[in-house]
Structures are given as C-alpha cells and as structure tokens.
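1. Whatever this is, show me its structure:
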Amino acid sequence: MMYRLAAAYAVRLSTLRERASSHLERIAKSDPEAGDALQTAIITAAFALIAIGVATIIGNAVIAKAHSISLDTPSLNTNP
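-> Alright, predicted model coming up:
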C-alpha cells in the first residue's frame, strides 16, 4: 500500500514539475525579463531574513545588557 502511494506521489510530482517547467518556458519566450522579478524577489527575501536575524541578535544583546544593570543605589551614608 505504501509503495503504491509513493509511486503515485512520484508520478504526480514529476507531472507537476514538467507542467511547471513548460509554463516557465512559455513565460520566458513571451517575456525574456520575466525571471528578473522572481530573482529580485528571492534576493530581497533573503536579505530581509538576514536583516531580521541580525536585528534579533542585536536586540537580544541589548536586552541582556539592560537586564545586567543594577538598579540598587549605593548607600550614601558612609560616615561611621
């Protein structure tokens, strides 16, 4: 039973892959710059993920530093 499902899934996946590639070929023939928008979107998303990661790291460092600051005031009464 599992082999039948796996085989059906593989056939469906290859069919979808073929349909997607033929669709992309048609788009590329009709508009040679059509892939540029997709490439730009992927690169922009990658840079956004990097920026979010860096902001998270910096934010955590700032919060850790803020938590390490002591709020207790020292005693000003040092006379014996």
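2. Can you name every helix or strand that the helix or strand encompassing Gln39 contacts?
-> Using DSSP states H and E, Gln39 sits within helix 34-68. Applying 3 or more C-beta pairs under 8 Å, 6 or more residues apart in numbering; DSSP states H and E, we find helix 34-68 packed against helix 2-30. For every residue, glycine as well, the C-beta is placed using N, CA and C.
3. where does the chain dip in pLDDT?
-> 1-11, 13, 28, 31-35, 74-80 (pLDDT under 70).
4. neighbours of Asp72, just the number please.
-> Burial of Asp72 is recorded as 5 neighbouring residues (other C-beta atoms under 10 Å).
5. Can you classify it as helix, strand or coil?
-> Classification of Asp72 by DSSP: H, G, I helix; E, B strand; the rest coil places it in coil.
6. show me what contacts it?
-> By C-beta atoms under 8 Å, 6 or more residues apart in numbering, the contact list for Asp72 is empty.
7. mind starting the numbering at 18 from now?
-> Done: numbering now begins at 18, and the last item shifts to Asp89.
8. can you tell me how far it sits from Lys46?
-> 73 Å (C-beta to C-beta, to the nearest Å).
9. can you tell me how far Arg43 sits from Ile59?
-> Counting by C-beta to C-beta - Arg43 and Ile59 are separated by 21 Å.
10. next one: Ser85
-> 40 Å.
11. Can you pick out the residue with more neighbours from those two?
-> Neighbour totals were compared for Ser85 and Ile59, and Ile59 leads with 10 against 7 (other C-beta under 10 Å).
12. so how far is Thr32 from that one?
-> 25 Å.
13. cool, and Phe64?
-> Phe64 is 34 Å from Thr32, by C-beta to C-beta.
14. Endpoint to endpoint, stretch 41-56 covers what distance?
-> 13 Å (C-alpha to C-alpha, to the nearest Å).
15. Walk me through the domains of this structure.
-> 18-49, 50-82 (automatic domain parsing).
16. residues of the longest one that come out buried?
-> What it means is domain 50-82. Under the neighbour-count criterion of 16 or more other C-beta atoms under 10 Å, domain 50-82 has nothing buried.
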